[in-house]
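Novice: Have a look at this fold, sequence not included:
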């Protein structure tokens, strides 16, 4: 039996912290970083923790010269969520110019997922 009064649904407001939302979504990917550069390298563990805390699950560390590529590759081998690219920045004047064979040879590594800097 109806009394003629319609009952309004009760609305509940729920507030989420950013960390609650971040933990339930696909991790972000930083597709271009230079973790071998100072000051990032000096505080690398803090930088990586800050990235994780903000939902960054994977990072692509990009080399700018062939001479610094071993640093970038080492970072990728030392951290499961880091990957490397091999390349030379077009504005970089120091170091030698890579050949296609140089780049493809250095890219023959499971942790190297890209060729190029820009």
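Specialist: Yep, that arrived. Bear in mind that the values here come from a model prediction, so they are computed numbers and not experimental data.

Novice: Spatially central residue for this structure, please.
Specialist: For the chain, residue 59 is the residue whose C-alpha lies nearest the centre (C-alpha atoms, centre = their mean; 2.0 Å).

Novice: Local confidence estimate at that residue?
Specialist: The model reports residue 59 with a pLDDT of 96.

Novice: Just checking: what are the partner strands of the helix or strand residue 83 falls within?
Specialist: With elements taken from DSSP states H and E, the one containing residue 83 is strand 82-86. If you go by DSSP bridges, strand 82-86 pairs up with strand 56-62 (parallel), strand 112-115 (parallel).

Novice: Out of those strands, which one sits most buried?
Specialist: Greatest average neighbour count among these goes to strand 56-62 (a mean of 19), per mean count of other C-beta atoms under 10 Å. From N, CA and C alone the C-beta is placed, and that goes for glycine too.

Novice: Please enumerate residues in contact with it?
Specialist: Strand 56-62 has contacts (C-beta atoms under 8 Å, 6 or more residues apart in numbering) with 26-36, 51, 72, 75-76, 81-85, 87, 113-114, 117.

Novice: returning to what we had before: tell me which residues of the strand holding residue 83 are tucked away?
Specialist: Within strand 82-86, the residues that count as buried by 16 or more other C-beta atoms under 10 Å are 82, 83, 84, 85, 86.

Novice: for stretch 61-70, same thing?
Specialist: In terms of neighbour count (16+ other C-beta under 10 Å), stretch 61-70 has its buried residues at 61, 62, 63, 64, 65, 66, 68, 69.
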